[in-house]
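Asks: Need a 3D model of the sequence below.
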Amino acid sequence: MKLKTVRIDHFKHVLDSTEVAIQPDITCLVGKNESGKSAFLEALRRLKPAHGAASFSSPTHYPAWLEKRHRREAKAKGRDLDEKSPINATFTIEPEDVAAVEARFGEDVLLSDTFTISRKYTNQYAGVFEVDETKAVANLLADIELPTVLEPLNSCEKFSIHTLVQTPRLPDGIASARRIVL
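Replies: Predicted coordinates:
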């Protein structure tokens, strides 16, 4: 995978970096002192720290002059400020990564060669892949022998997927559990 774009939003004194394109060879951050260059890199490091636990904390990292007001506003709307994502990054999926996905879920499941990942102030990750869920389920079902009572699944062409659980505690980095409805 290669980093393609990054966006920092309400982290330290960076209110919104807008989407910053990352060049394949060198990307240079230029700006005046206290303009957010180090904060940008610090947020990027917290997306996937190489060493130790580098986590986000809204009381520490949210812009101090806005934190209390934004927390009150969010609470009034029934939201939690800690659910905000201070970093969103888009990656290009390289051929060996596509091959790994296809080995697990079958061919032609990925609809795009990019995916986006974000990390919230709660330190939960969210990833967005463009996938053909119907094809993925069909490929998975083709590889298992179903009991007689479940045979209709083998010929199923139409189903919908409903999210049941959103939790950071599922195994293998799975962000949500899903239920298939025929």
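Asks: so where does residue 42 fall, helix or strand?
Replies: Assessed by DSSP states H and E, residue 42 sits inside helix 37-47.
Asks: and the lengthiest helix in the chain, what does it pack onto?
Replies: The single longest helix within the chain, with elements called by DSSP state H, is helix 64-76. Identification of packing neighbours for helix 64-76 by 3 or more CB pairs under 8 Å, 6 or more residues apart in numbering; DSSP states H and E yields helix 58-61. C-beta: built from backbone N, CA, C; applies to glycine.
Asks: Okay, now the unreliable bits of the chain?
Replies: Per-residue confidence for the chain (pLDDT under 70) gives these ranges: 146-182.
Asks: related to what we said a few turns ago, quick one: buried residues of the longest helix of the chain?
Replies: 67, 70, 71 (16 or more other CB atoms under 10 Å).
Asks: Quick one: the strands in the protein, in order.
Replies: For the chain, the strands defined by DSSP state E cover 2-11, 14-16, 20-21, 87-92, 110-119, 125-131, 160-166, 176-181.
Asks: ok, and what's touching the third one?
Replies: Same thing as strand 20-21. Defining contact as CB atoms under 8 Å, 6 or more residues apart in numbering, one finds that strand 20-21 is touched by 4, 5, 6, 7, 8, 27, 40.
Asks: ok now that strand, how far from the chain's centre?
Replies: On the basis of CA atoms, centre = their mean, to the nearest Å, strand 20-21 is displaced by 17 Å from the centre of the chain it belongs to.
Asks: List the strands paired with it, with their directions.
Replies: strand 2-11 (antiparallel) (DSSP bridges).
Asks: What of the second one?
Replies: Sheet neighbours of strand 14-16, with direction, are listed as strand 2-11 (antiparallel) (DSSP bridges).
Asks: Show me which positions of the partner strand end up buried.
Replies: Those would be 3, 4, 5, 6, 7, 8, 9, 10, 11, for strand 2-11 by 16+ other CB under 10 Å.
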